[in-house]
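Asks: need the 3D shape of this:
(chains A and B)
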Amino acid sequence: MDLNNLEQQRVEKLERLRTAGMEPYPRRVQRTHTTQEARRAYEAAESTESTPPTITVAGRLVSIRVMGRVAFAHLEDESGKLQLFLRRNELGEDLYTLFKKAFDLGDFVEATGPLIRTRTGEISVQATSLRMLAKALTPLPIPKEYTDEAGNLTRYSAFSDTEERYRQRYADLAVNPEVRELFRTRSRTITALRAWLDTHGYLEVETPILQPIYGGAAARPFTTHHNQLKQDLYLRISFELYLKRLLVGMFERVYEIGRDFRNEGISYKHNPEFTQLEMYCAYTDLYGMMETVEQLLSSTAQAVLGTQHIPYQGHQLDLTPPWRRLSLRDVICEGAGIDYSDFPTADALRAEMRRCGYDAAEKATWGRLVDNLLSEVEPGLIQPTFIHDYPVEISPLAKQKADDPTHVERFEIFVGGMELGNAFTELNDPFEQERRFLQQGRASAAGDDEAQPMDEDYLRALKYGMPPNGGFGLGVDRLAMLFTDRHSIREVLLYPHLRAK
RNA sequence: GGGUCGUUAGCUCAGUCCGGCAGAGCAGGGGCCUUUUAAGCCCAGGGCCACAGGUUCGAAUCCUGUACGACCCA
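Replies: Below you'll find the model as predicted:
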């Protein structure tokens, strides 16, 4: 094991503990109270003027102040911090010296004693015994903190190197309580989404992550291989085709929350694996889904944050329904200055985009170019907005509009300048679906590496009949970004993908 | 993929323009200190200056390349 000089010193303290008869990694813990329970127990005793209890707390040492024959320390557990008041006369000379010589910041310890208030009024354990629970060898970058009279907390030299925080998330979580809180918020968000769906008749299901044919989204997959079957498999890029098969099987409302994998670029809003919620509801359509999504997300905000007005990157987002609805054509017209319906071929649209100063790849299809224009407009879509009516060629699983077969019944929602989700009136006509797959095949042959492959089994399912339905997919990480006011998806992923060093 | 910036002690950072002994605070070590809370005071330590190469009498510093990251753009 590679040890630096600080770690070497702590290894010597391990021996010092053992020599003194104290096991540095004992098996049992005697905790009677969390630090929060201890404070409450003291306050309860105080209010009834009874004797405060003697308790045992356990946690990490996060501050130590030795004053000679008396010392103060703070012990932190998940519920908070509690001061330890250590006196040589109470602990005995041997144990007190052991504390001074062999206990460090970051160590997990257990302290027993009566609860008291110190002269400055802070509730503390006056330790009569002290035990090591787990010796820390590497010094944790625990910041010093200062709270002024107004209650403002200042932290000095907090562990803040972005790369190291992600590579050593355990250290980040251990020393940055706000990071722990952020992941609690993320967890509560997923719990609230699930609770809403469960109470609205949706059945939670699990579908394959390893798929012989990928589909349901425009993305390049990760490929893997099953050795015994001698078969290539793909990590799913969406759950869509498997969930919709379940509607053929007579489930009317299904959802799945899980991981999708897309072999694409990494950015502040993209990670190669990310958490997706997909839900499908029989006997509704795009417009029903708009109302469902408004309810789902505004209720989730209310449940998690207690409000539907949320601060995000300097904006005040208002999730109160109903949300603005704009057609894709109108939003691009307004935001990018191009009415794409005036340029119905890829060549014409490409020329116009270049004339207006936008990049337009030579091999991009007309639909892909429209999608590029939408990306130009996206950062300006701050308040919740449904953008609807997408070109059919970039939406191979959505049903066409009755009055305009070049467009489909599809929306994407944008909040805080990000795409948050995507929904269709799902295509359930097997012949039309087959035509769409064939068109995707031609796009693939023409060089579109995000085109979706033919899925014969999905067509077979459609031939049995799939009820009319609406479906919606939500980027859960991005919702967590909104709810925690973080600019980067990496801040809301416990272990974001990083290059190997 | 492109541009800009960054990488120095366990942590947070100076030092880089303008080349000349490797610095500070915190943390750690040795002392003093029986109610502190960024405790205080005294003393002594701690470095592959990301990596590789080049220029130079001399490189943390200038040049080239590489790795990793941050931000912006695509």
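Asks: let me know the pLDDT of the closest residue to RNA strand B within chain A.
Replies: In chain A, the residue that lies nearest RNA strand B is residue A:68 (2.5 Å; Cβ to the nearest atom of the strand). The C-beta positions use only the backbone N, C-alpha and C, and glycine is treated the same way. Listed pLDDT for residue A:68 reads 93.
Asks: quick one, what contacts it?
Replies: Taking Cβ atoms under 8 Å, 6 or more residues apart in numbering as the contact definition, residue A:68 lies against nothing.
Asks: point out the residues in the stretch 301-450 of chain A that sit beside RNA strand B.
Replies: With Cβ under 7 Å from any atom of the strand as the criterion, the stretch 301-450 of chain A meets RNA strand B at residues A:359, A:376.
Asks: now the strands for the stretch 301-450 of chain A?
Replies: A:309-312, A:315-318, A:324-327, A:385-391, A:400-401, A:404-415, A:418-425 (DSSP state E, counting those that start in this stretch).
Asks: how about those strands in TSV, adding mean pLDDT, mean neighbour count and distance to residue A:24?
Replies: Formatted as TSV, the strands of the stretch 301-450 of chain A follow (pLDDT from 0 to 100; neighbours: other Cβ atoms under 10 Å; distance: least, Cβ to Cβ, whole Å):
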stretch	mean pLDDT	mean neighbour count	distance to residue A:24
strand A:309-312	95	15	45
strand A:315-318	95	14	50
strand A:324-327	96	15	61
strand A:385-391	95	22	58
strand A:400-401	97	18	69
strand A:404-415	96	20	50
strand A:418-425	96	22	48
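Asks: tell me which of these lies nearest to residue A:246.
Replies: strand A:418-425 (16.1 Å; Cβ to Cβ).
Asks: dump the strands of the stretch 301-450 of chain A to CSV, plus distance to residue A:464.
Replies: Formatted as CSV, the strands of the stretch 301-450 of chain A follow (distance: least, Cβ to Cβ, whole Å):
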stretch, distance to residue A:464
strand A:309-312, 43
strand A:315-318, 43
strand A:324-327, 34
strand A:385-391, 27
strand A:400-401, 22
strand A:404-415, 23
strand A:418-425, 20
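Asks: closest one to residue A:84 among those strands?
Replies: strand A:309-312 (37.5 Å).
Asks: hey, C-alpha coordinates of that closest one in PDB?
Replies: What follows is strand A:309-312, C-alpha atoms only, in PDB (Å, rounded to 0.1, in the frame of the first residue of the first chain):
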ATOM      1  CA  HIS A 309     -41.600  28.200  -8.300                       C
ATOM      2  CA  ILE A 310     -38.000  27.100  -8.400                       C
ATOM      3  CA  PRO A 311     -34.800  29.100  -8.800                       C
ATOM      4  CA  TYR A 312     -32.500  27.900 -11.600                       C
END
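Asks: ok now that strand, how far from the chain's centre?
Replies: How far strand A:309-312 lies from its chain's middle: 17 Å, per Cα atoms, centre = their mean, to the nearest Å.
Asks: on contacts alone, who are the packing partners of it?
Replies: Applying 3 or more Cβ pairs under 8 Å, 6 or more residues apart in numbering; DSSP states H and E, one finds that strand A:309-312 makes contact with strand A:315-318, helix A:476-484.
Asks: following element in sequence after the longest helix seen in chain A, please.
Replies: Secondary structure of chain A per DSSP state H: the longest helix is helix A:177-199. Per DSSP states H and E, the first helix or strand lying C-terminal to helix A:177-199 is strand A:203-204.
Asks: what does that next one rub up against?
Replies: Residues outside strand A:203-204 that contact it (Cβ under 8 Å, 6+ apart): A:194, A:197, A:198, A:251, A:253, A:254, A:255, A:256, A:257.
Asks: hmm, who's touching the helix or strand that that strand is followed by?
Replies: Sequence-wise, the next helix or strand downstream of strand A:203-204 (DSSP H and E) is strand A:210-211. Strand A:210-211 is touched from outside by A:224, A:226, A:233, A:234, A:235, A:236, A:242, with contacts defined as Cβ under 8 Å, 6+ apart.
Asks: make sure the fourth one is indeed in a strand.
Replies: It refers to residue A:234. Yes - the assignment for residue A:234 by DSSP: H, G, I helix; E, B strand; the rest coil puts it in a strand.
Asks: what segments of the stretch 151-300 of chain A are strands?
Replies: Using DSSP E, counting those that start in this stretch, strands in the stretch 151-300 of chain A cover A:153-156, A:203-204, A:210-211, A:223-226, A:231-235, A:253-261, A:273-282.
Asks: just these: most buried one?
Replies: strand A:273-282 (a mean of 22; mean count of other Cβ atoms under 10 Å).
Asks: redo the strands of the stretch 151-300 of chain A as TSV? Include mean pLDDT and distance to RNA strand B.
Replies: Output for these, formatted as TSV (pLDDT from 0 to 100; distance: least, Cβ to the nearest atom of the strand, whole Å):
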stretch	mean pLDDT	distance to RNA strand B
strand A:153-156	87	4
strand A:203-204	98	33
strand A:210-211	96	26
strand A:223-226	94	19
strand A:231-235	95	20
strand A:253-261	97	18
strand A:273-282	97	15
